[in-house]
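Visitor: Just the structure for this:
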Amino acid sequence: RKGKQIKQNRWQITKEEESMKMKKWLKAILAGAMILGTACAASAEEDEIVLLKKNFSTGAVTECMSVKESQIPDHIVSEGFEGLFPNSDEKDGVQTLSIIGDDNREIITDLSPAPYRSIAKITTTWSDGSKTAGTGWLFSKGKLITRAENLYSRKLGSWGSVVVYFPEYAGTGLTLKTSGSYLPKNYIETGADNLNFGIIPVGDYVGANLGYFGYESVNDSLKGVRVSIAGFARGENDKIRRASGNILGGNDIINYKIDTDNGQGGAPIYHTVNGKYICVGMHTTGGDGLNYGLKITSTMAYFMSQN
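Guide: A predicted model of the protein is given here:
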């Protein structure tokens, strides 16, 4: 009897141990499922691009639009518009910039022809009182685009107060103190180079009269494509500097040896397609013997098409 009792107790202990092992196993499965679910949710959040709107009158920052990258069309095209103002002969207003070496920049003194009249000088005043200069360009009747760095300082953690100037509006120029601007929330949080763009509303009458660039999102490599970059150098309000050359490489961030100046950050990178000026990128920075720009990605083009 004692032997049978011992065997029975051992069997009960073994059964209890198996039950405990089963419970631990189930807990491990549930924990793994929770971790996987959290990871999937985090992945979904990372895939979402959110556009913020800053209202300079009230100071409010709100989320105005969001989209998952997987939902964005691969190819987005806009043809642009030359505007209602008469087009003059640009050849009379082009001067070669005399710089030693292979620099092929030109100074454009007559800004009335397309596409130069659609390019704006941007002056930003920051929270510490400093000022910076940049360039922007019209891509629709009432909106222009520039690099995010001209609108928001990650170093200061604040939005800048922006003034936009179009030298050739109605022959006398047009100065606008912007009421607001749009930026990718993801750029503010991470400084991602492929989201270094911002949109400024300027009023439909501006683009209707001055015209605006077309643009195209390009998934293929732009290596070897010949383009021009035109924008305002720092300290110059009445002339544009333009240079041309081939894109050397890069994916979302393209590189080239096309000459640029301080103040041209945000300038259009464009070429001519069937007589229309089509932007394929935007100049952002320079250094290390190369200059760099943001290719117009499908994400960037999507937000442009929605504004």
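Visitor: contacts and neighbour counts: CA atoms only from here.
Guide: Fine.
Visitor: so what's residue 63 up against?
Guide: 50, 51, 52, 53 (C-alpha atoms under 8 Å, 6 or more residues apart in numbering).
Visitor: now, the most widely separated pair of the residues you listed?
Guide: Within those, 50 and 53 form the most distant pair, 10.0 Å apart (C-alpha to C-alpha).
Visitor: Now the common contact residues for those two.
Guide: By C-alpha under 8 Å, 6+ apart, the residues touching both residue 50 and residue 53 are 63, 64.
Visitor: want to throw the contacts of residue 63 into a markdown table with secondary structure and pLDDT?
Guide: Converted to a markdown table, those look like this (DSSP: H, G, I helix; E, B strand; the rest coil; pLDDT from 0 to 100):
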| residue | secondary structure | pLDDT |
| --- | --- | --- |
| 50 | strand | 96 |
| 51 | strand | 96 |
| 52 | strand | 97 |
| 53 | strand | 96 |
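Visitor: possible to save those as JSON lines with distance to residue 249?
Guide: Below are these laid out as JSON lines (distance: C-alpha to C-alpha, whole Å):
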{"residue": "50", "distance to residue 249": "28"}
{"residue": "51", "distance to residue 249": "28"}
{"residue": "52", "distance to residue 249": "31"}
{"residue": "53", "distance to residue 249": "33"}
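Visitor: closest to residue 238 among the residues you listed?
Guide: Ranked by distance to residue 238 (C-alpha to C-alpha), the contacts of residue 63 are led by residue 53 at 30.5 Å.
Visitor: if I pick the residue nearest to that closest one when sequence neighbours are not counted, what's in contact with it?
Guide: Using C-alpha to C-alpha, 6 or more residues apart in numbering and skipping residues adjacent in sequence, the residue nearest residue 53 is residue 182, 4.6 Å away. Neighbouring residues of residue 182 by C-alpha under 8 Å, 6+ apart: 51, 52, 53, 54, 198, 199, 200.
Visitor: Run through the helices of the stretch 51-200 of the chain in chain order.
Guide: For the stretch 51-200 of the chain, applying DSSP state H, counting those that start in this stretch gives helices covering 185-190.
Visitor: from the middle of its chain, how far away would stretch 208-226 be?
Guide: Taking C-alpha atoms, centre = their mean, to the nearest Å, the mean C-alpha location of stretch 208-226 is offset from the chain mean by 14 Å.
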